[in-house]
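Asks: please find the sequence and the predicted model below.
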Amino acid sequence: MADSDYLFVLAAVKELPFNVGKKLLIDFLRGDESNNSVMNNSLFELENFGALAYEKEELDALIEDLLGQGFLGYDFVQGKKFWKIIEITKKGKEELINPSLFKNKTKLKEVIFSDKEKALILSFGDFLSEFNDAQKKAIISRIKNILCVAGAGSGKTTVLTKRIEFLVKYNSVNPENILAITFTRKARTQMLQKLAKLGIHNCKVETFNSYCEKVLNKYESKIYDKPTRVTTYKDKIVAINKALVVLETDMSKAIDVYFSDGQIKNKSKEQLARTFMNDCFFVRDYLKSKNENIQDIKHDKYLVSKDSFELIYGVTKFIDAYMKKNGLRDFMDQLLDTLELYKSNPKLIPKFEHILVDEFQDVNSLQVEFLDLLKKNNLFCVGDPRQSIFGWRGSDIKFINEFEEKYDESETIMLTTNYRSDEKIVKIMNKEIKKMNLPDLKSEISGENKVALIGFENEITEFEFIAQSILSSESKRDEIFVLSRMNKQLNELSDFFKLKEIPHILKNDDAVSDIQEHKGKVVLATVHSIKGLEAETVYVTGCTSLYFPCKGSEHPFLEMIKVDEYDKEEEERRLFYVAISRAKKNLILSYTGKYPTYFITKEMKDELNYSKPNKKSDANIHFKTQSNIVDRLKEWRKNKAEELGTKAFLIMHDSTLLEIADKKPLSLEELRQIKGLAANKLSKFGEELLDQIY
């Protein structure tokens with residue numbers, strides 16, 4: 001499919017004399033005269049009839065892509081709630097006039113080495129012998145400002161550490177004049193350990209937070225009128241509970257107001273309370289980062305109900321006042337207060353000779369402002385625009401794309417050799433983010449490994465396949481990742497694994513546990529929480545257009561912001577890239593329904609062993625029977641909840657329904673062995689449950 005083909009779709013929608021559904025649009029584009037609507041309305045006479053002779057699945061993916069990016073939109077037929085028709089948006093009309101979708105969004109080019117540079121590299125002999133040419137240049141370059149664009153698995157942390165060794169041992173730079181900034185405590189610890197092995201001590205390695213914390217502790221009296229400390233988890237719980245008391249409500253009521261029924265499903269009260277608390281503090285940080293006063297925010301700026309807005313407004317206003325009164329600060333306060341301190345007292349700004357920054361694609365505007373205040377001579381930033389996935393919390397890919405424009409005497413060095421993944425996986429990765437127009441990564445690894453895209457009729461068959469594959473896998477359990485876009489699907493899969501007695505750890509977006517501490521267990525994780533880690537075998541579940549790109553959020557605050565601050569569609573695409581790039585040897589993508597996500601292009605499918613749902617297979621027939629039981633049980637639960645005037649999940653948890661469908665108990669006695677069926681529920685619903693099974 002050519003890059004400009006999307007323009008034919010936009011032109012066709014604009015040209016058609018009436019709005020049409022997706023099926024008719026696809027038939028029109030393919031020139032299908034067997035469609036009665038085409039013939040009855042003489043649509044074959046229009047200019048764009050038959051403009052794109054592709055498979056229906058390919059056109060479906062292209063249309064979904066245009067819908068996701070806002071060039072096309074859905075409307076509903078009056079009186080027909082579920083009849084969706086497609087229309088071209090204002091953005092789509094502008095795109096037809098001035099096409100921009102496939103223009104190069106990045107200005108990064110592969111580095112060309114001069115003969116002088118090659119000679120210099122050779123002069124270092126064994127010191128650089130284990131590195132490729134691009135890595136060598138990144139390590140020894142004397143350019144003042146360097147952006148090292150390091151693709152997945154290209155050894156970025158090793159290069160950054162080796163550059164520090166080069167500065168100390170060959171450029172005679174005092175380690176105390178070097179500042180290296182990472183994003184996590186774990187990355188900081190690992191870098192310090194690597195430097196220690198190289199005999200380098202006293203180099204300042206910090207996270208943004210740890211650096212600011214040390215500065216504020218040192219100069220506390222210059223910025224605060226009372227002793228101030230970092231907020232603890234316990235402090236946050238106390239603040240939230242006090243806020244709810246002041247608002248004359250409680251956590252249970254707050255959860256009902258803040259979350260939708262779908263967001264509540266399959267989560268405990270503790271999980272929901274934690275999410276609510278984190279979101280309230282996130283709102284406070286977000287407003288502070290935008291220099292907005294909490295008291296001045298208006299409801300019409302946010303995309304939520306009035307009740308939800310007033311709840312968040314009240315809680316956020318309270319916790320802000322509570323923290324000021326009690327001398328508490330969080331990470332956003334630390335950064336803002338450090339910036340204020342340095343602006344008010346420029347003489348306090350330390351004079352580092354070299355500043356090195358890891359994960360530069362994740363920086364936000366305040367962190368860049370902080371770096372600019374510190375920077376005096378040399379800046380070395382390592383990052384990968386392909387893995388920029390935190391726009392929702394303020395990071396901006398523009399800081400990579402505009403690096404050379406912003407900094408004089410600057411150069412971009414591309415690390416394109418992937419030392420992590422099989423060449424088949426790397427090919428798929430390259431095709432997935434083809435639109436970014438970055439140099440392709442090259443793999444150094446090849447073998448008889450598995451890359452597959454497999455479709456299933458429903459989630460039960462998908463989960464069963466993953467479970468059986470893990471049980472028969474040759475990979476060690478701690479070398480297996482199962483990834484999902486959403487916590488909701490992850491929790492359901494975890495319940496299923498418990499039934500199958502598959503040992504695993506669950507790492508969702510709120511988890512803080514260190515995966516490396518858990519040996520011999522399969523890791524279940526969301527894509528956001530797994531970034532930076534890798535495994536021999538990776539399963540990516542739910543590869544549908546429902547999850548990639550994600551249509552909803554488990555954090556309602558994210559829906560409060562009018563998301564015009566970053567390109568959510570492209571960030572979701574990069575998130576899918578992060579998921580597949582975790583795999584070293586085996587990559588299995590699975591989905592349910594008719595088509596996989598349109599993020600999986602035809603070119604990617606050509607590289608994958610692609611299996612569509614097979615209704616005739618014995619395995620699917622067996623799983624379908626089990627799935628039918630689940631469907632009947634869920635329908636029964638829904639009706640029972642309506643009858644009793646309560647919520648469905650209070651009648652029975654999904655994990656209980658799954659276990660019933662899996663074990664198919666024949667009697668009340670066997671039903672008694674099911675977890676989650678207390679005696680009172682068994683006496684109330686036992687006979688009804690058995691009726692749904694047989």
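Replies: Looks like it came in fine. Numbering: from 1, shown residues only.

Asks: switch to C-alpha atoms for all contacts and neighbour counts from now on
Replies: Noted.

Asks: give me the buried positions along the strand or helix carrying residue 590.
Replies: Using DSSP states H and E, residue 590 sits in strand 583-592. Using 16 or more other CA atoms under 10 Å as the test for burial, strand 583-592 gives 583-592.

Asks: hang on, residue 254 packs against residue 311?
Replies: Yes - if you go by CA atoms under 8 Å, residue 254 and residue 311 touch, sitting 7.4 Å apart.

Asks: about what we covered before: what is the mean pLDDT for the strand holding residue 590?
Replies: Here strand 583-592 scores 95 as its mean pLDDT.

Asks: what helices or strands is it leaning on?
Replies: Under the contact criterion of 3 or more CA pairs under 8 Å, 6 or more residues apart in numbering; DSSP states H and E, strand 583-592 touches strand 417-422, helix 423-432, strand 451-456, helix 459-471, strand 535-540.

Asks: flag every buried residue along the third one.
Replies: The neighbour-count criterion (16+ other CA under 10 Å) identifies 451-456 as the buried residues of strand 451-456.

Asks: which of these lies closest to residue 477?
Replies: residue 451 (18.5 Å; CA to CA).

Asks: so what sits opposite the closest one in the bridge?
Replies: residue 587 (DSSP bridges).

Asks: now the strands for the stretch 201-350 of the chain?
Replies: With DSSP state E, counting those that start in this stretch as the definition, the stretch 201-350 of the chain shows strands at residue ranges 204-207, 229-230, 328-329.

Asks: got the ones you listed as a markdown table, with mean neighbour count, distance to residue 13 and mean pLDDT columns?
Replies: Listed next are those as a markdown table, based on neighbours: other CA atoms under 10 Å; distance: least, CA to CA, whole Å; pLDDT from 0 to 100:
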| stretch | mean neighbour count | distance to residue 13 | mean pLDDT |
| --- | --- | --- | --- |
| strand 204-207 | 20 | 50 | 96 |
| strand 229-230 | 16 | 55 | 94 |
| strand 328-329 | 18 | 53 | 95 |
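
Asks: which member of the buried residues of strand 451-456 is positioned nearest residue 20?
Replies: residue 455 (28.2 Å).

Asks: the stretch 151-300 of the chain: helices as residue ranges?
Replies: Counting by DSSP state H, counting those that start in this stretch, the stretch 151-300 of the chain has helices at residues 156-169, 185-197, 208-218, 220-223, 233-246, 251-258, 261-264, 269-289.

Asks: buried residues, the first one. List them.
Replies: Same thing as helix 156-169. So for helix 156-169, counting by 16+ other CA under 10 Å, buried means 156-157, 159-168.

Asks: now, among the residues you listed, which is nearest to residue 124?
Replies: Using CA to CA, the buried residues of helix 156-169 come closest to residue 124 at residue 166, 10.2 Å.

Asks: circling back: any chance of the buried residues of strand 451-456 in a markdown table with pLDDT and distance to residue 204 as columns?
Replies: Formatted as a markdown table, the buried residues of strand 451-456 follow (pLDDT from 0 to 100; distance: CA to CA, whole Å):
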| residue | pLDDT | distance to residue 204 |
| --- | --- | --- |
| 451 | 93 | 42 |
| 452 | 93 | 45 |
| 453 | 95 | 45 |
| 454 | 94 | 48 |
| 455 | 93 | 50 |
| 456 | 92 | 51 |
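
Asks: so which of the residues you listed comes closest to residue 175?
Replies: Looking across the buried residues of strand 451-456 and measuring by CA to CA, the closest to residue 175 is residue 451, at 45.1 Å.

Asks: for the closest one, give its distance to residue 421.
Replies: 11 Å (CA to CA, to the nearest Å).

Asks: for residue 322, same thing?
Replies: For residue 322, the distance to residue 421 - CA to CA - is 49 Å.

Asks: what about those two, which has more around it?
Replies: When residue 322 and residue 421 are compared for neighbours, residue 421 comes out ahead with 28 against 16, by other CA atoms under 10 Å.

Asks: pull the most distant pair out of the buried residues of strand 583-592.
Replies: Once CA to CA is applied, the buried residues of strand 583-592 give 584 and 592 as the farthest pair, at 24.7 Å.
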